[in-house]
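Asks: generate a structure from the sequence data that follows.
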Amino acid sequence: MALLTLALLVVIGLTAAAILLFRDWRITIPALLLNSITLALFLTRYPFVTPDIDLFGLAVSSLVLVKLITGLAVALILTITALTFSRDYGLENLDEFGLAELRRAARAAQRQRAAQPPQLGDYVIPFWAGVLALLASLALPWIYPIGPSTEVDFVWYWLALTGLLTIATAGDLLKIGLGLLLCVSSIDLLYTALISTPAASGLKVVPLTLLSLFNVLLALAVAYLSGLLYGRLKTLDLSELYKR
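Replies: Have a look, this model is predicted:
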């Protein structure tokens, strides 16, 4: 049992670290989805999460079901956003000479990227920020415990810190949204753990559903703002805002 909990903690830690470190949405969005699924499984390790729904003969918890559906919905919204605004439109308005020039420029850019070595400097700040977040997440549960267990404290501290650092080091709007979602996940986890203590009122489906709805609305807001930014600058890169 303890080994499974440790494995879940490792997956939660690695997926949040991947969101902080990498820039490619093909890595960060699947990492967010895996993080959401692992968080739902992590909560099932505690006695306050009990099966209360019979789903096709399988007893499952409504809490886990709501969080899994939310994670899938958020990942789907962000994936559609990334696919929509990572491609160029308006090609139908180009004549054959414009298309030929566009292909030539694309081939030249591809050769230039292939000739350039990996820019490791882009990962230095996120890497050391992640190291500091890890040290703080390991120390804070002992210095200032809030949750019902050390594992819960570590997870919510880690998600909150990596989310804030992701926002601080983000280079595009989509990654800012991923950082915000990590912060919301940390609050969601802490609320779920605290409300389920013996002195509290216990888990209720309605507030948990509202928290999940907030995650979905946040993903939709990121998609909407991405559309506005892309419509004006034809990119989601925030550095373009300072060039114009």
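
Asks: how many residues are close by residue 21?
Replies: Burial measure for residue 21: 19 neighbouring residues, criterion other Cβ atoms under 10 Å. Backbone N, C-alpha and C define where each C-beta goes, glycine included.

Asks: what sits against it?
Replies: Contact criterion Cβ atoms under 8 Å, 6 or more residues apart in numbering gives 123, 126, 127, 130 as the residues in contact with residue 21.

Asks: out of these, name the ones that lie in helices.
Replies: For the contacts of residue 21, membership in helices holds for 126, 127, 130, with DSSP state H as the criterion.

Asks: among those, name the buried ones.
Replies: 126, 130 (16 or more other Cβ atoms under 10 Å).

Asks: would a markdown table of the ones in helices among the contacts of residue 21 with distance to residue 214 and pLDDT be doable?
Replies: Formatted as a markdown table, those follow (distance: Cβ to Cβ, whole Å; pLDDT from 0 to 100):
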| residue | distance to residue 214 | pLDDT |
| --- | --- | --- |
| 126 | 26 | 90 |
| 127 | 31 | 91 |
| 130 | 26 | 93 |
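
Asks: surely residue 70 is in contact with residue 212?
Replies: Yes - with contacts counted by Cβ atoms under 8 Å, residue 70 reaches residue 212, the gap being 3.9 Å.

Asks: scan the chain for its longest helix.
Replies: Ranked by residue count under DSSP H, the longest helix found in the chain is helix 205-233.

Asks: in that helix, what counts as buried?
Replies: In terms of neighbour count (16+ other Cβ under 10 Å), helix 205-233 has its buried residues at 208, 211, 212, 215, 218, 219, 222, 223, 225, 226, 229, 230.

Asks: for residue 214, which non-adjacent residue is closest in space?
Replies: Excluding its sequence neighbours, the residue lying closest to residue 214 (Cβ to Cβ, 6 or more residues apart in numbering) is residue 184, at 6.7 Å.

Asks: show me what contacts that neighbour?
Replies: Residues counted as contacts of residue 184 (Cβ under 8 Å, 6+ apart) are 163, 211, 214, 215, 218.

Asks: export these to a markdown table and append columns for distance to residue 74.
Replies: Listed next are these as a markdown table, based on distance: Cβ to Cβ, whole Å:
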| residue | distance to residue 74 |
| --- | --- |
| 163 | 14 |
| 211 | 12 |
| 214 | 11 |
| 215 | 6 |
| 218 | 8 |
